[in-house]
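Enquirer: fold the following for me, if possible:
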Amino acid sequence: MTAVVETLVADETLAAAPATENTDTETTASETVASDSAFAALGLHPLVLKALEAYEYTTPTPVQSAAIPHALEGRDILATAETGTGKTAAFMLPALTRTADLPRMGVAAPRVLVLAPTRELAKQVTDAARKYAKFMKRNIVDVVGGMPYRDQLRLLSRAVDVMVATPGRLLDHVSRNRIDLSTVEVLILDEADRMLDMGFLDDVETIAKCCPDSRQTLLFTATLDRRMAQLAGKLLRNPERVAVESTTTAANVEQRLHHADDMDHKRRLLMHFAGQEEVGKAIIFAATKRDADTLAEELAAAGHAAAALHGDMDQFKRNRTLQRLRSGQVRLLVATDVAARGIDVRDITHVINFDLPRSAEDYVHRIGRTGRAGASGVAISFAARPDRDALFRIERYTGTRLEIHTVPGLEPQRPINAGGGGRPAGRSGRPGGGNGGGYNKKPWTRNANGGEGKAGGGHPGGYQGRPAQGRPANRNDHVRNEHGHSERGRPDHGHARRDSHGGKPVARATKW
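Expert: Prediction:
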């Protein structure tokens, strides 16, 4: 990356109703700002403006206002913007404008290529592009995995103007000479960070090499880490940097935390909330595809209209499941993170994290499925003791301490911060807490004699009756830890992690 020009914009409308901005959802008729006084000032094509007016999109969002003028100039763009900020229009409107007057190329030779990490997101981008090109004679197709090859070959038998694709299926067609990428004028990477997380780095770089060097590249990502910066350095030329400063989570989403003793306790909590009248439509997040299927079956057996959504389902089944959710035939959707990426259903009242996500960013994306279009929403998370680290990262990332709730009759017997000690939020929202069993309690600490002692005191010479030298008389001896469970008197150094404070290997917990 030779140079980066910074454009910082404040996204103060992230939690507001999209009645005054284009976030790829409906706007109300109460807007008083005419479309030709806002979007027209950005220099968009008249037919694009006509479509925006038809759909009552009136005021550009911050990321649109910052990105569209530079994109129309032909500049490469590196933009950090989260879901719900109107980023789809930020890259699609200028792409349609720049290619509006260009002649069509040959069969399956697109002018605009959009890469998306999941089929659902690709479908969402395709639908948005067709809305924006409502009055333009543009052929817009999606090429994604899970779709029958026969149907895709029929779509590719004609001239294509805009192609939205997932990397794997696109490379499959390119390798068989069914798609020609030498005509690409604009290459767009949507949610590039997710594509890297899913292992598409090599595919993305290969696809970029198949496109002309003279192309324009627009890269949109929710996060910008070292890997993303390296990818941007390879693909972008003197990019304009657009950064949307936004609140991490929407203010109209109430976040609740329920401590759980084990998986059975989580299931009982889930069944409780599934039967509550206040829960209209809900998305329940599970860690694995198998868990999603199992939970959906259990909910259905209990009389709830439930269905699963995950990556092992073909595209027809996934589309049908989402349509049933939108129509109300399905009330509870049990999904994995990958499958839920790009879901845009506006009347989701609750998001339930049966399993906490591995990354805090995924937590933000999850709870963003509710509280859309100005409505309020509720995000409920279940957390057991093994989830402490994940909960720790979420609270630090969001700068919010999740409020602990309990259900009468389903109270946890072993709450996460049992044993006393608070966890007041420190800087950056990270939970603090004393040494009485809270989040920051260290399993090991150094004593005055150089040995290891139990955190929180109790035995000056060692850990739970251990000799002062920090080594048990017999390495096979077992002792009882603070939770009453048996554990070795000595850590297993072959499978130990290092404590960040003292460098001492800490035994990996096998169970709580």
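Enquirer: all helices of the stretch 151-300 of the chain, in order?
Expert: Per DSSP state H, counting those that start in this stretch, the stretch 151-300 of the chain carries helices over the ranges 167-175, 192-197, 201-210, 226-235, 263-274, 289-301.
Enquirer: and these, which one's lowest on average pLDDT?
Expert: Among those, helix 192-197 carries the lowest mean pLDDT, at a mean of 89.
Enquirer: contacting residues around it?
Expert: Identification of contacts with helix 192-197 by CB atoms under 8 Å, 6 or more residues apart in numbering yields 115-118, 167, 189, 201, 204, 219-225, 227-228, 231, 341, 361. In this view, the C-beta of every residue, glycine as well, is placed from N, C-alpha and C.
Enquirer: so who does the closest residue to R138 other than its chain neighbours touch?
Expert: Nearest residue to R138 in three dimensions, chain neighbours excluded: D161, at 4.3 Å (CB to CB, 6 or more residues apart in numbering). Residues near D161 by CB under 8 Å, 6+ apart: 99, 104, 110-112, 138-140.
Enquirer: circling back: so which of the contacts of helix 192-197 belong to strands?
Expert: 115, 189, 219-221 (DSSP state E).
Enquirer: in CSV: those residues, plus distance to H259, pLDDT and neighbour count.
Expert: Output for the ones in strands among the contacts of helix 192-197, formatted as CSV (distance: CB to CB, whole Å; pLDDT from 0 to 100; neighbours: other CB atoms under 10 Å):
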residue, distance to H259, pLDDT, neighbour count
L115, 40, 97, 25
L189, 40, 97, 30
L219, 40, 97, 25
F220, 37, 95, 24
T221, 34, 91, 24
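Enquirer: just to revisit the earlier point, just say which of the helices of the stretch 151-300 of the chain is most tucked in.
Expert: helix 192-197 (a mean of 22; mean count of other CB atoms under 10 Å).
Enquirer: how distant is that helix from the center of its chain?
Expert: 10 Å (CA atoms, centre = their mean, to the nearest Å).
Enquirer: could you do stretch 346-363 as well?
Expert: The answer for stretch 346-363 is 9 Å, by CA atoms, centre = their mean.
Enquirer: which intervals of the stretch 401-512 of the chain have sub-threshold pLDDT?
Expert: Where the stretch 401-512 of the chain drops to pLDDT under 70, the residues are 417-512.
Enquirer: go with 90
Expert: Within the stretch 401-512 of the chain, the stretches with pLDDT under 90 are 414-512.
Enquirer: who wins for proximity to I380 among the helices of the stretch 151-300 of the chain?
Expert: Closest approach to I380 among these (CB to CB): helix 263-274, 6.5 Å.
Enquirer: for that closest one, enumerate the helices and strands it packs against.
Expert: Contacts defined by 3 or more CB pairs under 8 Å, 6 or more residues apart in numbering; DSSP states H and E place helix 263-274 against strand 281-285, helix 289-301, strand 348-353, strand 377-383.
Enquirer: wait, which of these is closest to M271?
Expert: Nearest to M271 among the helices and strands packed on helix 263-274 is helix 289-301; the distance by CB to CB comes to 7.7 Å.
Enquirer: what's in contact with stretch 127-139?
Expert: The contact list for stretch 127-139 (CB under 8 Å, 6+ apart) reads 24, 45, 47-48, 50-52, 54-55, 88-89, 92-93, 96, 100, 114, 140, 158-162, 164.
Enquirer: fine, thanks again, bye for now.
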